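Sequence and computational prediction follow.
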Amino acid sequence: MTNATRQLKTTINDELGKILTGIDELATIISINIVNNGHFLIGGPTGSGKTLLANCITHLLGNNTGRLDCRNDTDIVGIVQALSGTVASDPEASVDRHAILYLDGLNRLTPNTQSILLLAMEENQLSNHGISMDLHESFRVIASYDPDCYDGTYPLINALLDRFEASVNMTYQNKESETAILKNCDLARARVNNNIESVIRPLGTDQLDTAAKEVSEVSVSETVYQYIAELMARFRSHAELMPGISHRAGQSLLNAARVHALLSERDYVNPDDIVSVAQHCLVHRLRLTSDALLDGVQLEDIIQAILEQCPTTSYEAN
């Protein structure tokens, strides 16, 4: 097995490492998401590196990126302009439409604009108020969002969150990591200011295609399907979670696990792959009940508890 997927992850780790520090886990989930061509969500407080990470990812994927700084008054006009560089009244004037849309501050969009974006992510088409625009065949969204307590934010609608294949939550670093950041920041800033395009090399199309082909050949046993189904049932029946986690969540788990298996140098999925990707694939899809919120329950703790309730040894791949 040549494992182009593992080589791809090494490349991503090396390229991100030119700008960021302590990114091995990040590189893993970013590699998984890139190979699966999924929408990607980045959360975290101001100053935690969300925008820098998003910029690095978009440059890994090439220069075919539109950016939109979201505001409360952003509507389909702003989205069309970010994607095509044209005025929304004449979307057909653009021949080259960006394959990637980076949305900075996703939860500053109103629920109505979020619904417009949902259609784009689901059907590769923008349509609203007489404006209709077909999107790039490889269209994907990379979005960052602010904590709910920030002024000017709106709750993100569940159906929109469900379209994101995976998410990461950026946090402020511990003392050791912060020391490394301080040592590296002058060099990183100089590199970024000099031109981030000259620092991070885009991934090759052949490399991505080979990795995607490898993933399609990864085998999945009946017991692994049963393991995912058992997890989904437990999430749907959990007393501290709002109902509604979709079948798409289980599909995202499986897609991510296939890539994780290759990164672990296997051509088959086992339950440990599911465990490894579960937090990133599920946490943004789950909602706490009001009582759980008042009690200070954390979604990550619920995910971990459910994983522990379903021992992987009972669902080992054949």
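That came through fine. Numbering: from 1, shown residues only.

so which strand or helix has Ile228?
Using DSSP states H and E, Ile228 maps to helix 222-237.

and that helix, how far out from the chain's middle?
22 Å (CA atoms, centre = their mean, to the nearest Å).

Would you mark the buried spots in it?
Val224, Tyr227, Ile228, Glu230, Leu231, Met232, Arg234, Phe235 (16 or more other CB atoms under 10 Å). (C-beta placed from N, C-alpha, C; glycine too.)

Let me have these in a markdown table, extended by pLDDT and distance to Val141.
Below are the buried residues of helix 222-237 laid out as a markdown table (pLDDT from 0 to 100; distance: CB to CB, whole Å):
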| residue | pLDDT | distance to Val141 |
| --- | --- | --- |
| Val224 | 96 | 29 |
| Tyr227 | 96 | 29 |
| Ile228 | 97 | 25 |
| Glu230 | 96 | 31 |
| Leu231 | 96 | 26 |
| Met232 | 97 | 24 |
| Arg234 | 96 | 29 |
| Phe235 | 96 | 24 |
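
Mind giving me the packing neighbours of the helix holding Ile228?
Counting contacts by 3 or more CB pairs under 8 Å, 6 or more residues apart in numbering; DSSP states H and E, helix 222-237 packs against helix 247-263, helix 271-282, helix 299-309.

In JSON lines, list the ones you listed along with mean pLDDT.
JSON lines is the format used below for the helices and strands packed on helix 222-237 (pLDDT from 0 to 100):
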{"stretch": "helix 247-263", "mean pLDDT": "97"}
{"stretch": "helix 271-282", "mean pLDDT": "96"}
{"stretch": "helix 299-309", "mean pLDDT": "96"}
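
For Leu53, which of the ones you listed is the nearest?
Closest to Leu53 of the helices and strands packed on helix 222-237 is helix 271-282 (CB to CB; 13.7 Å).

Residues in contact with that closest one: which ones?
29, 32, 165-168, 223-224, 227-228, 231, 235, 245, 249, 252-254, 256-258, 260-261, 264, 300, 303-304, 307, 312, 315-317 (CB atoms under 8 Å, 6 or more residues apart in numbering).

relative orientation of that helix and helix 299-309 in degrees?
Following axes from the mean of the first three to the mean of the last three CA atoms, to 10 degrees, one obtains 160 degrees for the angle between helix 271-282 and helix 299-309.

do you know how far Met133 is from Asn124?
10 Å (CB to CB, to the nearest Å).

so what sits against both of these two?
Common neighbours of Met133 and Asn124 (CB under 8 Å, 6+ apart) do not exist.

Just want to know which of the two has more residues nearby.
Met133 (21 against 15; other CB atoms under 10 Å).

residues making contact with the helix holding Ile228?
241, 243-245, 247, 249-250, 253-254, 257, 269-271, 274, 278, 282, 286, 306-307, 309-310, 312, 315-318.

could you give the angle of it to helix 271-282?
Going by the same axes, to 10 degrees, helix 222-237 makes 40 degrees with helix 271-282.

Gly44 - how many residues pack around it?
That count, for Gly44 with other CB under 10 Å as the rule, works out to 18.

Make sure it is actually in contact with Lys50.
Yes. Look at Gly44 against Lys50 with CB atoms under 8 Å: they come within range, at 5.2 Å.

Which residues are in contact with each of those two?
Ser144, Met170.

Isn't Val283 up against Asp301?
No. Using CB under 8 Å, Val283 makes no contact with Asp301, being 10.5 Å away.

So the two - more neighbours on which side?
More crowded of Val283 and Asp301, by other CB under 10 Å: Val283, with 20 against 10.

List the contacts of stretch 305-318.
220-224, 226-227, 230-231, 234-235, 238, 268-272, 274-275, 278.

oh sorry, the question was meant for stretch 133-142
Against stretch 133-142 from outside (CB under 8 Å, 6+ apart): 37-40, 42, 54, 57-58, 64, 80, 83-84, 91-92, 97-103, 117, 120-121, 124-127, 163-164.

Could you rerun that using 7 Å?
37-40, 54, 57-58, 80, 83, 91, 97-103, 120-121, 124-126 (CB atoms under 7 Å, 6 or more residues apart in numbering).

do stretch 155-165 as well
Contacts for stretch 155-165 (CB under 7 Å, 6+ apart): 33, 36, 38-41, 106-107, 111, 114, 117-118, 121-122, 145, 244, 246, 248, 252, 255, 284-285, 287.

switch to 6 Å and redo it
33, 36, 38-39, 41, 107, 114, 118, 121, 246, 248, 252, 284-285 (CB atoms under 6 Å, 6 or more residues apart in numbering).

In TSV: the residues you listed, plus distance to Asp75 and secondary structure.
Below are the contacts of stretch 155-165 laid out as TSV (distance: CB to CB, whole Å; DSSP: H, G, I helix; E, B strand; the rest coil):
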residue	distance to Asp75	secondary structure
Asn33	28	helix
Asn36	30	coil
Gly38	25	coil
His39	20	strand
Leu41	21	strand
Asn107	16	helix
Gln114	11	helix
Leu118	14	helix
Met121	16	helix
Ser246	27	coil
Arg248	26	helix
Ser252	29	helix
His284	24	helix
Arg285	26	helix
